[in-house]
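Novice: I'll drop the sequence and a predicted model, then ask my questions.
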Amino acid sequence: MTPDPTGSRFHGLWLLALPLVLARAADPVPEAKDVRPGWIALVTVLLLCAASLFLWFSMRKQLRRIQVPRDGVDGPDSPDDTDGTDGPHGTDHERPGSTREPSGPQDA
C-alpha cells in the first residue's frame, strides 16, 4: 500500500461517513408545530419520580432501624468488655477470639 501524499491517516474515513450523510439527507427535519412532548415521556417521568420517592422512604425507614451506639458509651457486645462478668457469650474468657484471662478473683 502506498502512503497517502496528503499525510492524512484517515483518508478512508469518508467511506464510513457516507451512509450517515445520505441517511441524514433523506430524513427531513420536522416542523416546529409537528414536534411536541408525548404521553410516554410524561408517564416515564412520573414513574421515575414515584420510584425515587419509594426508594427514599424505604431508605429512611431502614436508617431509623439502625441502632447506633452513642459516643463514649459501650454496649454489652463491645470488644473491650473484659471485666469477667457474664455477657451474651458466657464469661469473657469463653468468648470466641478472646485471649485475655478474666481480671477478677479466680476460684482455686
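Specialist: Ah, there it is.

Novice: so which helix or strand takes in residue 64?
Specialist: Using DSSP states H and E, residue 64 sits within helix 39-65.

Novice: other SSEs contacting that helix?
Specialist: On a contact count with 3 or more Cβ pairs under 8 Å, 6 or more residues apart in numbering; DSSP states H and E, helix 39-65 meets no helix or strand. For every residue, glycine as well, the C-beta is placed using N, CA and C.

Novice: What is the burial count for residue 34?
Specialist: As a burial measure, residue 34 scores 7 neighbours (other Cβ atoms under 10 Å).

Novice: In contact with it, which residues?
Specialist: For residue 34, the contact set (Cβ atoms under 8 Å, 6 or more residues apart in numbering) is empty.

Novice: Poorly predicted segments of the protein, please.
Specialist: Low-confidence segments of the chain, defined by pLDDT under 70: 1-11, 72-108.

Novice: switch to 80 and redo it
Specialist: For the chain, the stretches with pLDDT under 80 are 1-16, 21, 23-27, 70, 72-108.

Novice: what about the helices in it?
Specialist: In the chain, helices defined by DSSP state H lie at 13-26, 39-65, listed in chain order.

Novice: Dump those helices to a markdown table, plus distance to residue 32.
Specialist: A markdown table is the format used below for the helices of the chain (distance: least, Cβ to Cβ, whole Å):
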| stretch | distance to residue 32 |
| --- | --- |
| helix 13-26 | 19 |
| helix 39-65 | 17 |
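
Novice: Thank you, goodbye.
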